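Asker: Just to be clear, the model below is a prediction. Sequence and coordinates:
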Amino acid sequence: MRIIHISDLHIGKRLCETDLTDDIRYALFDEILGRIFREAAAEKKPQALIISGDIYDKSLPSAEAEELFGKFLAAAVGLGMKVFVSSGNHDSARRLASHAGLLSELGVYISLPFSAETPARVERLGDFDVAMLPYVSLSDVRGEFPDEELPDLTAAVNCALSHAGLPGERPCILAAHATVGMGVVGGAESVDKSAFDGFAYTCLGHIHTPQDITDKMRYCGSPVCYSGSEAKQPQKYCDIIDIGPDGALSVRHAEIHPLHGFCVMEDTFARLMGDEYPPTDDYCYIKVGETDGVEGVAALLRTKFPNMLSLSHDVRGGASDEEEAGGSGEDFSEDFSSFYKAVTHEDVDEETLRTAEYIFHRTEEACAAGTTAELEAADPALSDD
């Protein structure tokens, strides 16, 4: 059996106020369902596509984002593949599964919102089962199983899988969105990899950099770079998994060629504007030094690097000074979630995160426009009173 594994699509993502929809569309249609599928099918046709969470960048995606994902599902089904989807922390599990019954008739299976009745959804794929575990927090599992002793997230995931009857008698492939085998990351604990022992293969999502956890457990990574840190290692992949009834396994990493490259530059202004750095339409994160006496640094750099996402100045003896959009607000959801966890020792609920995002972006826009008085009038909760 041949399976394509992708994750962390983040449809609707804006990076430093740059809309990445065209880049995401190109990665999904031209590359994954286009060139990569054709090359894989020339040897052996893939029977399934597994998507391990974070379909959307926001829990309330735009109509355009939902339309794009709908077209992607239709295209995958049109190629003869069944599609298995687990929800991620950026997704609304309930919203994502709102048409789960109808989609099942078309061969698209989406994880259901986590509950004691359905901790994980299990569907058949040839000689295998495919289990879809939605993103869960420790508080989610404690809330559904109040009589269980759950000291940490590993125990919670073990509990959820056990109540789902997983792994069962049939060989099972698991799709999950979680931080696995990494200790504490961003103030949040990870799941011990032993929680997924017994599965034929575990398709992981949540970490954007492709990496193996074990020979049967892997993050394929996101299809597009979504941060400055990712731009330092910009190669992206989807995985082609071949697995036999006896468990024989091979995984090939198919590189995704981007619509735009991503790069990080750090040099003096004179060198950046010189021949050493050719003009490019790549998305660029630039740190520039020795700009004394130069007016309009950003505008001048944009003549060579029109898709510059972020510009900071190299300040001797101090931190860099952000000039362009990005940086502080780029990963607000992740930063706020980690802060909330550190203060309350609980995972932030969806409504609180949505409210915090709304307040942050309204405040950011108002400060940039100099209209904070109007903002306080519109949103009394933001005033000093």
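Answerer: Okay, I see it.
Asker: same for the host helix or strand of I4, what does it pack against?
Answerer: Assigned by DSSP states H and E, I4 belongs to strand 2-6. Strand 2-6 sits against helix 37-43, strand 48-52, strand 236-243, with contacts defined as 3 or more CB pairs under 8 Å, 6 or more residues apart in numbering; DSSP states H and E. Where you see a C-beta, it was placed from the backbone N, CA and C, and this is true even at glycine.
Asker: From the ones you listed, pick the one with the highest average neighbour count.
Answerer: By mean neighbour count, with neighbours taken as mean count of other CB atoms under 10 Å, strand 48-52 ranks first of these at a mean of 27.
Asker: picking that back up, using TSV, lay out the helices and strands packed on strand 2-6 together with distance to M1.
Answerer: Output for those, formatted as TSV (distance: least, CB to CB, whole Å):
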stretch	distance to M1
helix 37-43	12
strand 48-52	8
strand 236-243	6
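Asker: so what's A231 up against?
Answerer: 225, 262-264, 283, 285 (CB atoms under 8 Å, 6 or more residues apart in numbering).
Asker: from those, which would you call buried?
Answerer: Taking 16 or more other CB atoms under 10 Å as the criterion, what is buried in the contacts of A231 is 225, 262-263, 283, 285.
Asker: Now render the helices and strands packed on strand 2-6 as CSV, adding distance to A164 and mean pLDDT.
Answerer: Shown next, in CSV, are those (distance: least, CB to CB, whole Å; pLDDT from 0 to 100):
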stretch, distance to A164, mean pLDDT
helix 37-43, 30, 97
strand 48-52, 17, 98
strand 236-243, 21, 97
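Asker: Any idea which of these gets closest to S115?
Answerer: Judged by CB to CB, the one of the helices and strands packed on strand 2-6 that comes nearest to S115 is strand 48-52, at 20.1 Å.
Asker: Strand 2-6 and whatever helix or strand comes next after the closest one, what's the angle between them?
Answerer: Sequence order places helix 63-78 as the next helix or strand after strand 48-52, per DSSP H and E. Angle, helix 63-78 to strand 2-6, by axes from the mean of the first three to the mean of the last three CA atoms, to 10 degrees: 170 degrees.
Asker: all numbers from here: first residue = 30
Answerer: Sounds good: first residue 30 from here, last item helix 92-107.
Asker: helices or strands next to helix 92-107 in the packing?
Answerer: Checking 3+ CB pairs under 8 Å, 6+ apart, helix 92-107 ends up next to helix 50-54, strand 111-115.
Asker: Can you name the residues in contact with that helix?
Answerer: 38, 40-41, 50, 53-54, 57-58, 62, 78, 84-87, 90, 112, 132, 135-137.
Asker: Could you check how far stretch 222-241 is from the centre of its chain?
Answerer: For stretch 222-241, the distance from its own C-alpha centre to the chain's C-alpha centre is 15 Å (CA atoms, centre = their mean, to the nearest Å).
Asker: Endpoints of that stretch, how far apart?
Answerer: 11 Å (CA to CA, to the nearest Å).
Asker: Beta-bridge partners for A283, please?
Answerer: On the basis of DSSP bridges, A283 is bridged to C267.
Asker: how about it, what does it touch?
Answerer: 65, 68-69, 266-269.
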